[in-house]
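Trainee: dropping the sequence and predicted coords here.
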Amino acid sequence: MVMEAKLHKAEENVAEANDNFLRGKNVFVTGGGRGLGAAICENLAAVKANIIVSDINLDAARVVAESVRRANDIKSHAIAFDVGDSMAAERAIREAAELFGCIDVLINNAGADVTCSIQELSVADWDRVIHTNLYGPFLLSKYVVPLMQQQGGGHIVNIASTAAKRAWPNATAYHSSKWGVLGLSHALHAELRPLGIKVTAIVAGGMRTPFLLDRFPDIDPGVLQDPANVAKTVRFVLSLPEETVIPEVMVLPMRETSWP
């Protein structure tokens with residue numbers, strides 16, 4: 001019993017040290033106004049990280065930014081822009097860097113989807129999904145890397161999906177974008193390591209978020225996972241020592257029977 005107590009205390013000390021690593025870090029989260037993005041903002045703010053909440057919906061971003069600031073006594077800021085717009089993405093990164101001094105972590109979480117056959121899929125919808133899910137992470141990474149290099153390091157986290165590992169019908173644009181995000185993430189991991197910049201892909205299984213529940217009202221929420229669990233995984237990979245990086249991690253709900 002004494003040994004178990006000592007081990008438990010040691011584990012608590014390690015967890016506390018890891019969380020302290022994020023204290024005062026400036027974290028830029030895209031799609032932070034709801035769902036997984038909001039859960040990530042809340043989870044990281046709880047360990048005293050400062051949060052830049054970005055979303056295409058300014059009101060949603062402001063609600064989350066104000067909530068995490070009040071609950072955790074941290075700095076926060078809300079920015080509204082389209083992640084697939086090159087000029088807007090560059091402007092948002094510059095604004096955040098000017099307000100906070102630096103950006104330590106970029107989390108590319110914003111996502112879009114269209115569920116229909118390729119015959120029904122419009123060129124405009126294809127462009128919207130690809131621009132949000134793939135072009136967005138490329139743009140934001142492109143504009144944040146010089147800042148991270150100048151400050152001596154940083155961490156980019158790309159939220160991928162099991163849609164990057166398998167395929168199902170009527171999701172051509174989504175699969176294409178998420179397979180692309182995973183490739184982008186691994187390419188950046190290889191390219192940016194010499195600069196001291198970590199890159200991690202989070203391959204997330206189905207979550208109880210509006211992204212799924214609003215579009216598929218017949219889905220059983222019980223087979224999905226709480227987005228807070230994925231947010232905890234994000235916090236874990238951010239908390240590792242400087243000498244260690246996790247390039248990819250998969251987080252699945254226990255009851256998601258469609259995944260082996």
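Mentor: Here it is on my side, so go on.
Trainee: could I get the full set of helices for the chain?
Mentor: Ranges of helices in the chain, per DSSP state H, are 2-21, 35-45, 58-72, 86-100, 123-130, 136-151, 172-192, 210-213, 227-238.
Trainee: adding mean pLDDT, write those helices out as a markdown table.
Mentor: Below are these laid out as a markdown table (pLDDT from 0 to 100):
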| stretch | mean pLDDT |
| --- | --- |
| helix 2-21 | 54 |
| helix 35-45 | 96 |
| helix 58-72 | 98 |
| helix 86-100 | 98 |
| helix 123-130 | 96 |
| helix 136-151 | 98 |
| helix 172-192 | 96 |
| helix 210-213 | 60 |
| helix 227-238 | 94 |
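Trainee: quick one, which of the ones you listed is packed in tightest?
Mentor: Counting by mean count of other C-beta atoms under 10 Å, helix 35-45 has the highest mean neighbour count of the helices of the chain, with a mean of 25. Just so you know, the C-beta spots here come from the backbone N, C-alpha and C atoms, and that holds for glycine as well.
Trainee: residues making contact with it?
Mentor: When contacts are defined by C-beta atoms under 8 Å, 6 or more residues apart in numbering, helix 35-45 is touched by residues 22, 27, 29-32, 51, 53, 55, 64-65, 67-69, 71-72, 74, 76, 107, 109-110, 159, 204, 207, 209-211, 227-228, 230-232, 234-235, 238.
Trainee: tell me the angle that helix makes with helix 227-238.
Mentor: Between the axis of helix 35-45 and that of helix 227-238 there is an angle of 50 degrees, by axes from the mean of the first three to the mean of the last three C-alpha atoms, to 10 degrees.
Trainee: picking up where we left off before, output the helices of the chain as JSON lines; include the columns distance to Val114.
Mentor: Below are the helices of the chain laid out as JSON lines (distance: least, C-beta to C-beta, whole Å):
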{"stretch": "helix 2-21", "distance to Val114": "38"}
{"stretch": "helix 35-45", "distance to Val114": "17"}
{"stretch": "helix 58-72", "distance to Val114": "21"}
{"stretch": "helix 86-100", "distance to Val114": "22"}
{"stretch": "helix 123-130", "distance to Val114": "4"}
{"stretch": "helix 136-151", "distance to Val114": "16"}
{"stretch": "helix 172-192", "distance to Val114": "6"}
{"stretch": "helix 210-213", "distance to Val114": "12"}
{"stretch": "helix 227-238", "distance to Val114": "21"}
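Trainee: which stretch among those comes nearest Glu256?
Mentor: Within the helices of the chain, the stretch nearest Glu256 is helix 210-213; the backing value is 11.3 Å (C-beta to C-beta).
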